[in-house]
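Colleague: from the sequence below, what's the structure:
(one chain, ligands or ions: 1)
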Amino acid sequence: MRVRLLFPTPEVAAQAYLPLIYTACRTCYSELDPQEIFDRATDGRVTPEKQQELVRKVIESGHGSTIEHIVFTFAISGVTRTLSHQLVRHRAGLAFDQQSQRYLKYREPAYMVPGSIADADPELRERFTDALDDSLAFYGELLEAGIPGEDARFVMPNATRTNLVMTANLRALIHMSGLRLCTMAQWEIRRLFQLIRHEVFTVSPFLGAFLAPKCVPLGYCDEDRNRDEHCPIRPHKDSVLGAWSEKRAAAKAAGRDLPVR
Ligand SMILES: Cc1cc2nc3c(=O)[nH]c(=O)nc-3n(C[C@H](O)[C@H](O)[C@H](O)COP(=O)(O)OP(=O)(O)OC[C@H]3O[C@@H](n4cnc5c(N)ncnc54)[C@H](O)[C@@H]3O)c2cc1C
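Modeller: Coordinates of the predicted model:
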């Protein structure tokens with residue numbers, strides 16, 4: 001699997017991305033024109049630190065439209081159709097283009113062997129790779145027999161590799177990362193989002209830091225499958241609510257109210 005950030009370049013990200021979000025945020029609370037706000041942000045009259053302070057507050061408050069003004073375009077290659085099927089389920093703030101199994105006649109279709117199968121009993125592993133090799137050899141035979149690619153591809157397995165270009169605005173990217181960096185996500189798509197996060201970090205550590213499992217900004221885990229808290233990143237919401245209930249009961253028993261902050 002390979003991921004490369006095609007846009008923005010480090011120069012564009014450094015010059016424009018923070019000022020763009022800052023301008024969107026500041027416009028809401030300022031009598032100044034957006035042009036003037038942007039000029040002040042790019043010529044140094046408003047320092048990057050000051051801009052980051054406002055942008056952080058706005059993102060953490062969930063005012064998401066302000067971060068829809070910037071986009072990231074990724075070249076994603078060598079992922080499986082299993083992954084791409086999950087990826088394109090995301091709809092808002094995104095554009096995808098994917099290698100066509102209809103128009104492309106694969107001479108040597110490639111596939112991925114999951115780690116659990118690569119490390120499994122050698123006989124099982126061999127049966128797995130034989131099954132994939134057979135499917136893909138049959139695909140070639142179908143093409144040679146004159147079957148159109150759009151029909152021959154029906155025999156291709158989920159393990160077949162594919163390539164995509166994905167453009168996401170920052171709001172979409174944070175939302176997707178929240179779901180797909182979670183330890184409950186499937187390993188391949190989780191790996192993809194680790195690489196995406198790395199790529200965003202290379203052009204903006206400040207913005208890259210917002211790409212995190214959803215429990216990080218929430219402060220608790222809301223995944224049903226983590227009620228046993230086997231993932232230790234954040235406590236499950238049941239524990240958080242349980243602790244709060246206990247505290248409230250203790251305060252009531254002592255005849256005082258819980259402080260409201
Ligand atoms: C761990 C995990 C397991 C999953 N398992 C399954 C599964 O077994 N089967 C399955 O089918 N899918 C599964 N999914 C996919 C999941 O149900 C979503 O389709 C996918 O994660 C896209 O999420 P989304 O709808 O929040 O995101 P996006 O489509 O990116 O949307 C972002 C947000 O925009 C808003 N939005 C977008 N479109 C609309 C709309 N039409 N109406 C109202 N609001 C909208 C919502 O607030 C949404 O959260 C799984 C996902 C994860 C992360």
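Colleague: what about the residue in the stretch 151-261 of the chain positioned nearest to the ligand, helix or strand, and which?
Modeller: Going by C-beta to the nearest ligand atom, the ligand is nearest to residue 179 of the stretch 151-261 of the chain, at 3.8 Å. C-beta: built from backbone N, CA, C; applies to glycine. Assigned by DSSP states H and E, residue 179 belongs to helix 170-180.
Colleague: pLDDT of that helix, averaged?
Modeller: For helix 170-180, the mean per-residue pLDDT is 98.
Colleague: so for the next helix or strand after it, what's the average pLDDT?
Modeller: Where DSSP H and E defines the elements, the next helix or strand beyond helix 170-180 is helix 187-203. Confidence over helix 187-203 (mean pLDDT, whole number) is 98.
Colleague: would you map the helices across the stretch 1-150 of the chain?
Modeller: Counting by DSSP state H, counting those that start in this stretch, the stretch 1-150 of the chain has helices at residues 10-12, 18-27, 34-42, 48-60, 81-87, 115-118, 122-144, 149-152.
Colleague: for those helices, which one ends up most surrounded?
Modeller: helix 18-27 (a mean of 22; mean count of other C-beta atoms under 10 Å).
Colleague: which strands and helices sit next to that helix?
Modeller: Secondary-structure packing of helix 18-27 (3 or more C-beta pairs under 8 Å, 6 or more residues apart in numbering; DSSP states H and E): helix 34-42, helix 48-60.
Colleague: pLDDT averaged over that helix - what is it?
Modeller: 96.
Colleague: contacts for that helix next, please.
Modeller: 32, 34, 37-38, 41-42, 46, 48, 51-52, 54-55, 58, 63, 65-67, 69-70, 170, 204, 206-207 (C-beta atoms under 8 Å, 6 or more residues apart in numbering).
Colleague: now with 6 Å, please.
Modeller: Residues outside helix 18-27 that contact it (C-beta atoms under 6 Å, 6 or more residues apart in numbering) are 34, 37-38, 41-42, 51, 54-55, 58, 66-67, 69-70.
Colleague: so what's the gap between it and the chain middle?
Modeller: Taking C-alpha atoms, centre = their mean, to the nearest Å, one finds helix 18-27 lying 23 Å from the centre of the chain it belongs to.
Colleague: check contacts around the residue nearest the centre of the chain.
Modeller: Centroid-nearest residue in the chain: residue 177, 3.2 Å away (criterion: C-alpha atoms, centre = their mean). Residues counted as contacts of residue 177 (C-beta under 6 Å, 6+ apart) are 193, 211.
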